[in-house]
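Engineer: Give me coordinates for this.
(chains A and B)
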Amino acid sequence: MIQALFLGGGVALLLAAAISAIGGQGSGSGRRRAALGLVIVGVIAWCSACAIVLADNSNLTFQLYQLTPQLGIAFHLDRLAAFFILIVSSVTACVAIYSFRYVEHTGSESRRDMSVAAMSVFILSMVLVVASANFFAFIFFWELMSLSSLFLVMFDREKGETAKAGIYYLVMTQFSTLFLLLGALLLHRYTGTFDITSAGGLTLSTAGIIFTAFFIGFGTKAGVIPFHKWLPFAHAAAPSNISALMSGVMIKVAIYGLVRILLDVLSPELWWGTLLLVFGTVSAVLGVIYALKEHDLKKLLAFHSIENIGIIVIGLGLWVIFGNYHLKTLADLSLFGALFHTLNHAIFKSLLFMTAGSVVAATHTRNIEEMGGLVKTMPATAAIFLIGSAAISALPPLNGFASEVMLFQAYLGAFQVPSPLTAVLLFTALAGFALMSALAAACFVKAFGAVFLALPRSHEAEHAHEAPMSMLIGPGILAAACCILGVFSYQILKGIGLDLPVPNVLPVSLVALTVFGLAVLAVRRMEAKARVSETWGCGIHAQTSKMEYTASGFSEPIITIFSPIFRTRKIAHREFADKDKSIVSGGSGEVHTLQFFEERIYMPTAQFVKRIAGYVSGLHNVDLDANVMYIFVVIVVILLAVGQLL
Amino acid sequence: MLNTVLYLVLNTVFVVAVSPLVMSLVKKVKAYCQGRIGPPLLQGYYNLFKLFKKEIIYSQNSSFIMRLAPYLNIGFLVAASVMVPIVFLPQISGIGNIILFLYLMVTAKFFMALAGLDAGSTFGGMGSSREMSLSAIIEPVTITSVAALAFVLKSTDIPQMFATTLHGSLTQYPTLILVAFSLFIVIIVETARVPVDNPETHLELTMIHEAMVLEQTGPKLALMELSHGIKQTILMALSINIILPLGLAADAGFIAIIVSIVSFTVKVLAFAVVVGVFESMMAKIRLFRLPSFFMLALFFSFATIVFELLA
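Structural biologist: Sure thing, here's the model as predicted:
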């Protein structure tokens, strides 16, 4: 039953890809609708398969294709895999609904067809990565996922910015695969098998190296700082439905890999937890600080993905640390907090990317300085975006709060840790966590305010139109999920049998709702008589959009406070009309911020690789004898390596 | 059940009723310090009644955010006030998670800041921007103080913390005095007082909280001011009932509740006098110098944690 549903879903996705890839005559939009409909059917089949697995707690392994006795495509479904497949498929369903109209708004006919086809393959490969039973299948589908998403990122390939995004993405995703391959081969050396789940709590002297390899591999794909640089470029360049999938779902697949390695393959040591905690905190804090200075709506959201991946990695780090001290409740809180946040982030981040896509489609710009006032022209989109903003800012009673409070609760239990040094580390990280969470709220006040509130700051923003129905239903479903998963978080966790010390948000929401209702009742009469008029503005004639606070103005105090991180340099140049320098006749001002990771880490590394490549390319121009010798040397090296590994 | 309903009604009504008084008393104390007589003690109530009768005017540029924000604000702050027992300790457990308490206040602030941006006036934007910046850098301090409280009192539930200090004594938990210093600074920041903000002026230099509500009118402004008062009262109640819980009723008895209400009123008024005198003694700190002021509070809470770890 489960197997049939699972394979049926896969077949539906393949069909969808085939329908749109083959193309044909006549109306293209009908063909793409059929394909997207098939995608929805497929993911619903997956959802039901996963629901059965989660409910029965069953384990299921099945073979699809056997290449050699060691290598084959096999799948394994257990609760963890089912949970992640559920995340992938439920979010994908909403993105598919959104795509009905979204794919039609840009690009040529054939490119739209290819985009839907690549999207189906992309979704299929993400699910198959999670379902893989061995590293052979895992890395095969991992590569398929990376390449199909690369095609999708390159949708607007004529733009220079897209080319840059594509290069960054390709290099970093191969970098990630390299380390995964290294980890899998090292593991194979000790266990003699490529199976993922059968290794079971391995204790090895080299386990640290294997973990580090996997951490770099998965961390790169997830966007952990300092391996994050591809993420803002790729998410901004890709079409918005694809950004929603990449940011909401694909980076979660990397988190799945990390959880699987820590849970089932290796037995974590204390320092791994510390490593995860430190990298997670750095990603979370720097992610949101970079997001604050960003004016590109989609890049801003991409930096928030880095922040939220940081939160999830922090949860995993806390789980490892508390697990090592045998503090079971705290460890459970952290692990389930991290997993819950994975689900929540998938929901609100794809919601935000989709609504951002609607806004970008309506205003033809990603620069939030050129938006403003959209709440009047796009009220439904604004309301959905507002719910997403409140959820990602961890505001009760929404779902972002529900998962972050679990991590807060775990942190506040840190005094039970016997080692004072670890406890001090945990409390310091807690301060960083709090800073991150408050900055996220500030950043989303900025984002919502600059995009939707006040007066429109460009012609396009002034004449924007509300998004079509399908582009509201998709994110709308997710917005409802944000509310339900938040308000009923306590009841849901109880329902699935987790008895954790988390606050019950339901009564508080009821009180807030009651008071809200009472206040509305009390002011009812005056509200009916309310007048719309010009409010006092210090004697100005008419208010224009030039007077309002912009996104740069809004984030200026925070950027000034954190200027050591941005390495802000302000250059002001003034010209004077008189020799006493009292009358200014003109001047210019510049503000520079350092792109630390790009300028200090990525570019030097790229230069270094380029230099090495220069030397190597010098070896190409040789005669036949030398070439034969190269081949001989390579074969000897391969034979030696294979002998070592097997 | 009866106990819970009684608690919800009494606690909420008391908090709402006492908040304007506390606000006016601070003003009165500040006036005395400046050699003025100041407004009568009941001025806070007169203002609210007056505003409730006034007309509502919305800016042409504003949207539903402006219209909803005051209702949301009062809703979330009253919900937060339920988590801080003042009249008596309720029997119902698990309602007072301190993180939820803090984040309810952040939610209220979030919508207030959005409303500040809504009308597109420079003043509102300035207020929102500064408020969110300050709230971002005070947040680590607040959470660290809470972590210190949770460490010392071994609980994250506010009523349970109160019960612990009520049945114990301050000598058992000497480090609480250190936390009290940082809590005091948190209260000063959160209630927009000198040296962080100046509640008296509408001058550009000090515009933070007042600038955000500048566009609100009539009953909407009254709701905003009332919720600001509630926020101040519950934050004060949190520190009072942890440091000096004397008089707080452990159960719902008639006399115990009266004692609880009277003693709390006396304590909160004394606190208001301290805040007023403190405000009169301080000069406004430059906006970008404020982080160092907050660091002082962070230091106190971290010192608490370190002392407790070494103890």
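Engineer: going forward, measure contacts between C-alpha atoms and count neighbours the same way
Structural biologist: Fine.
Engineer: Residue A:586: what secondary structure?
Structural biologist: Classification of residue A:586 by DSSP: H, G, I helix; E, B strand; the rest coil places it in strand.
Engineer: scratch that, residue A:498
Structural biologist: Secondary structure, three-state DSSP: residue A:498 is coil.
Engineer: And for residue A:428?
Structural biologist: Per three-state DSSP, residue A:428 ends up helix.
Engineer: In which helix or strand does the most centrally placed residue in chain B reside?
Structural biologist: Nearest to the geometric centre of chain B sits residue B:232, at 2.5 Å (Cα atoms, centre = their mean). Assigned by DSSP states H and E, residue B:232 falls within helix B:218-243.
Engineer: what packs against that helix?
Structural biologist: Other helices and strands packing on helix B:218-243, by 3 or more Cα pairs under 8 Å, 6 or more residues apart in numbering or on different chains; DSSP states H and E, are helix A:505-528, helix B:2-33, helix B:43-53, helix B:64-82, helix B:158-167, helix B:176-190, helix B:254-281.
Engineer: Work out the gap between it and the centre of the chain.
Structural biologist: 5 Å (Cα atoms, centre = their mean, to the nearest Å).
Engineer: And stretch A:474-482, by the same measure?
Structural biologist: 17 Å.
Engineer: could I get the host helix or strand of residue A:628 in PDB with only the CA atoms?
Structural biologist: Using DSSP H and E, residue A:628 maps to helix A:624-645. Extracted C-alpha coordinates of helix A:624-645, given in PDB (Å, rounded to 0.1, in the frame of the first residue of the first chain):
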ATOM      1  CA  LEU A 624      51.600  11.800 -27.400                       C
ATOM      2  CA  ASP A 625      54.200  10.000 -25.200                       C
ATOM      3  CA  ALA A 626      53.600  12.300 -22.300                       C
ATOM      4  CA  ASN A 627      49.800  11.900 -22.700                       C
ATOM      5  CA  VAL A 628      50.200   8.100 -22.500                       C
ATOM      6  CA  MET A 629      52.300   8.500 -19.400                       C
ATOM      7  CA  TYR A 630      49.500  10.700 -17.800                       C
ATOM      8  CA  ILE A 631      47.000   7.900 -18.500                       C
ATOM      9  CA  PHE A 632      49.300   5.300 -17.000                       C
ATOM     10  CA  VAL A 633      49.800   7.300 -13.800                       C
ATOM     11  CA  VAL A 634      46.100   8.000 -13.400                       C
ATOM     12  CA  ILE A 635      45.300   4.300 -13.800                       C
ATOM     13  CA  VAL A 636      47.900   3.300 -11.200                       C
ATOM     14  CA  VAL A 637      46.500   5.900  -8.800                       C
ATOM     15  CA  ILE A 638      42.900   4.700  -9.300                       C
ATOM     16  CA  LEU A 639      43.900   1.100  -8.800                       C
ATOM     17  CA  LEU A 640      45.800   2.000  -5.600                       C
ATOM     18  CA  ALA A 641      42.800   4.000  -4.300                       C
ATOM     19  CA  VAL A 642      40.300   1.300  -5.100                       C
ATOM     20  CA  GLY A 643      42.500  -1.300  -3.300                       C
ATOM     21  CA  GLN A 644      42.600   1.000  -0.300                       C
ATOM     22  CA  LEU A 645      38.900   1.600  -0.200                       C
END
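Engineer: dump the residue contacts of the residue in the stretch 51-200 of chain A positioned nearest to chain B.
Structural biologist: The stretch 51-200 of chain A approaches chain B most closely through residue A:98 (25.5 Å), counting by Cα to the nearest Cα. Contact analysis of residue A:98 by Cα atoms under 8 Å, 6 or more residues apart in numbering or on different chains lists A:241, A:354, A:470-475.
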